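Peer 1: My questions concern the predicted model and sequence given below.
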Amino acid sequence: MALAGPLISFIISGLSFLIWFELHQSNMFVIQGFRISSIVFYSTMINLVIGLFNLLPVFPSDGGRILRSFLSYRTHDQFKATINAIKIGWILSLSILIIGAAVGLKLSPIGGVWLMLVALFLVRASKSYYNVYQTTRPSN
């Protein structure tokens, strides 16, 4: 089920690419010098990025849920798999935060700030799930 979201994004991206390719080749739908194919190309790119973002193994995103399913299958313990998926997500989120800081300092301040905001959002979402799972810890 967790693959459905990214899969739909990739399908929309692929269909948008095919439409863009046809429009771009035929030079159809040019209005006052603006090519409508540009809008379709942006749809291709945006849906591709959304699909890739959703596959990041950061819980509670789709990628985090896929990771949890894999870990749960391997360990046969959904609680530990969830906690481990959250911790792996924290490591990835902190890596994105560091990359964002480096990008902000070296290449693009706005791009760096966006990456850092995304990382902070991911850490916060993971933290709230971690707190919920810690309070529902099964007794052994």
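Peer 2: Yes, it's here. Numbering: from 1, shown residues only.

Peer 1: and the gap between L92 and V118?
Peer 2: As judged by CB to CB, to the nearest Å, L92 and V118 stand 11 Å apart. All C-beta atoms are positioned from the backbone trio N, CA, C, and that covers glycine.

Peer 1: what does I83 give?
Peer 2: Distance from I83 to V118, by CB to CB: 23 Å.

Peer 1: same check, this time on T44
Peer 2: 21 Å.

Peer 1: next SSE after the helix or strand where Y42 lies?
Peer 2: Using DSSP states H and E, Y42 sits within helix 37-54. Sequence order places helix 62-75 as the next helix or strand after helix 37-54, per DSSP H and E.

Peer 1: Buried ones in whichever helix or strand comes after that next one, by neighbour count?
Peer 2: As assigned by DSSP H and E, the chain's next helix or strand after helix 62-75 is helix 78-106. Neighbour counts over helix 78-106 (16 or more other CB atoms under 10 Å) mark 81-86, 88-90, 92-93, 96-97, 100, 103-104 as buried.

Peer 1: Please save the CA atoms from the helix holding Y42 in PDB.
Peer 2: The C-alpha trace of helix 37-54 is given here as PDB (Å, rounded to 0.1, in the frame of the first residue of the first chain):
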ATOM      1  CA  SER A  37       4.500  22.200 -23.300                       C
ATOM      2  CA  SER A  38       6.500  24.000 -20.600                       C
ATOM      3  CA  ILE A  39       3.600  23.600 -18.100                       C
ATOM      4  CA  VAL A  40       3.500  19.900 -19.000                       C
ATOM      5  CA  PHE A  41       7.200  19.600 -18.500                       C
ATOM      6  CA  TYR A  42       7.000  21.200 -15.000                       C
ATOM      7  CA  SER A  43       4.300  18.600 -14.200                       C
ATOM      8  CA  THR A  44       6.700  15.900 -15.200                       C
ATOM      9  CA  MET A  45       9.500  17.200 -13.000                       C
ATOM     10  CA  ILE A  46       7.200  18.100 -10.000                       C
ATOM     11  CA  ASN A  47       5.700  14.600 -10.000                       C
ATOM     12  CA  LEU A  48       9.000  13.000 -10.300                       C
ATOM     13  CA  VAL A  49      10.400  14.900  -7.400                       C
ATOM     14  CA  ILE A  50       7.300  14.200  -5.300                       C
ATOM     15  CA  GLY A  51       7.600  10.400  -6.000                       C
ATOM     16  CA  LEU A  52      11.300  10.400  -5.100                       C
ATOM     17  CA  PHE A  53      10.700  12.500  -1.900                       C
ATOM     18  CA  ASN A  54       8.000  10.000  -0.900                       C
END
